[in-house]
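Trainee: one predicted model, sequence on top.
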Amino acid sequence: MTRQMVLVGFLQAQNCTNLPSSWRHPDSRDDSMSADYYQEIAKILEAGRFHMAFFDDRLAMPDRYGNDHAHTVEYGIRCVKMDPLIVLTTMGMVTDKLGLGATCSTTYYEPFDVARRFATLDLMSGGRAGWNVVTSLNDGEALNMGRDSHPEHDSRYDRADEFMEVVLGHWDTWEDGALIMDKTSGRFADPAKVKRLDHKGVAFKSRGPFTVPRSDQGHPVIIQAGASGRGQRFAGHWGEVIFTAARNLAGAKEGYAAVRNEAAKAGRDPDQMRLCNLTTPVCAATKAEAEDKMALINRLPLEIDALSLLAEALNYDFASKDLDEPLTTDELKSMQGILGIRDGVLKNSGKSNPSARDFVTFSGRGQVHDAMVGGPKEIADRLEEMFVERGCDGFVIAATYVPGSYADFVQHVVPELQRRGLFQKEYRGKTLRENLGLKRPAAGAWKVQPRDAAE
């Protein structure tokens, strides 16, 4: 089959999208705490044949800037964070084929709990679930979850590796064909095909047996977005859908090759991965109309949006420095969380000691200056170039207002991509794996991967 793009809708279970100013847009719905809000988005994405609706998540509102949450609440900077799995369930009720992906942390949850939640969603949706594996970002999350501080970057990934072994181990303990469901004999399932895990490791102990049988797609799709070197190794080892955030074709190609190389080193088939680049399209019937939309969107962000999200993502209080005062080398080294942001600012600014203002300017956090603006042809041309040149396998579509951004993309860009043969006109199957073109995993298949390749 001809290679085609994967499309994912990027969502937040909160008052705004990934763009914190989106709630201020005059055309954004203001009932983001209702089921109907998310169900409308789900219907739009499925009508546009999107592969998946995906929810990012944090376990705290942004409060690292000034070590206070007042600005977050006052300006609506992601101050509402609902449980994305429950929101996804409401979206699954009004769709049949759309994949349902959500974030859950390996740092602040237990493996059995995560395994059960996502396996249940997988069964309830007919095999459409995906789990985005994260290690969380900052001290706010730690404090909410009963810890004094957030663990160091690499140690979180060490824990996450073992977390994956426990979750996948539990998912494998029910073999295919374990269910009998014979009312005459009274036999519900074959006990020989249901095992205990009995995991005893460095970070976790978990006995089993697991309580949820395998779904039509085997088990939920594993999503990952590691950007640092350690994160890329983790993604290469475990990820099936990988989210990237390259800002140009050269960077995208470099990252695409790096993650696929990590997968190969881990003994995996790189073609059983789908790398999707984060993209913010602002589109309309014509380029001129799209530019008018962009002019309005550009008036929405505030400087505090960027500073708040930077402090959250890097677990560093940017309020502790004057905006134009260079950060010291030690301060840069102390940053945690999404280190790809810090490294990108260093690279793009050309400064070894950038200031807080440089972080605002060069990170793109809380802003939309990297948006793709245009009519159907202009947007499709740029997506096609990155896809055909192997900068990615598809795109994570971020919204500037809701639900209009998704509707605009489905109305104007999807038909052009379909006309060019770059995107599906119909879903391939019923499960998320089928629609992504990923093989259904046999129980235990992940164990053939060399453990030390991700360390």
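Mentor: Perfect, thanks for sending it.
Trainee: relative to residue 384, how far out is the residue nearest to residue 277 when sequence neighbours are not counted?
Mentor: Among residues not flanking residue 277 along the chain, residue 392 sits closest, at 4.1 Å (C-beta to C-beta, 6 or more residues apart in numbering). No exception for glycine: its C-beta is placed from N, CA and C like everyone else's. Applying C-beta to C-beta, to the nearest Å, the value for residue 392 to residue 384 is 11 Å.
Trainee: all helices for the stretch 101-250 of the chain, in order.
Mentor: Under the criterion DSSP state H, counting those that start in this stretch, the stretch 101-250 of the chain contains helices at 111-124, 139-144, 153-171, 229-238, 249-265.
Trainee: do the stretch 301-450 of the chain as well
Mentor: For the stretch 301-450 of the chain, the helices defined by DSSP H, counting those that start in this stretch occupy 303-314, 329-333, 339-349, 356-363, 376-388, 404-408, 414-419, 432-436.
Trainee: could I get the ones you listed as CSV with distance to residue 60?
Mentor: Below are the helices of the stretch 301-450 of the chain laid out as CSV (distance: least, C-beta to C-beta, whole Å):
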stretch, distance to residue 60
helix 303-314, 8
helix 329-333, 22
helix 339-349, 18
helix 356-363, 20
helix 376-388, 33
helix 404-408, 26
helix 414-419, 35
helix 432-436, 29
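Trainee: of all the ones you listed, which one comes closest to residue 228?
Mentor: Closest approach to residue 228 among the helices of the stretch 301-450 of the chain (C-beta to C-beta): helix 339-349, 4.5 Å.
Trainee: buried ones in that closest one?
Mentor: Neighbour-count burial for helix 339-349, counted by 16 or more other C-beta atoms under 10 Å, picks out 339-342, 344-346, 348-349.
Trainee: before we move on, back to that, pick out whichever of residue 392 and residue 384 has more residues nearby.
Mentor: Higher neighbour count among residue 392 and residue 384: residue 392, with 27 against 16, using other C-beta atoms under 10 Å.
Trainee: wait, what's in contact with that one?
Mentor: Taking C-beta atoms under 8 Å, 6 or more residues apart in numbering, we find residue 392 in contact with 244, 246, 252, 256, 275-277, 386.
Trainee: ok, residue 408 touching residue 280?
Mentor: No: Residue 408 lies out of contact with residue 280 (C-beta atoms under 8 Å); the separation is 11.8 Å.
Trainee: read off the pLDDT value for residue 22.
Mentor: At residue 22, the model reports a pLDDT of 95.
Trainee: how close does the closest residue in space to it that isn't next to it in sequence get to residue 24?
Mentor: In space, and not counting its chain neighbours, residue 22 is closest to residue 16: 4.6 Å by C-beta to C-beta, 6+ apart. Plainly put, residue 16 is 8 Å away from residue 24 if you go by C-beta to C-beta.
Trainee: can you list residues touching both of those two?
Mentor: Common neighbours of residue 16 and residue 24 (C-beta under 8 Å, 6+ apart) are residue 76.
Trainee: neighbour-wise, which of the two wins?
Mentor: Between residue 16 and residue 24, residue 16 has the larger neighbour count (other C-beta under 10 Å), namely 23 against 18.
Trainee: now that one: phi and psi?
Mentor: phi -150, psi 170 (degrees, to the nearest 10).
Trainee: so that it lines up with my notes, have the first residue be 22 from now on.
Mentor: Right, with 22 as the first residue, what we last looked at is residue 37.
Trainee: tell me who's in contact with it.
Mentor: Residues near residue 37 by C-beta under 8 Å, 6+ apart: 43-44, 53, 97-99.
Trainee: can you pull the pLDDT of it?
Mentor: In this prediction, residue 37 carries a pLDDT score of 92.
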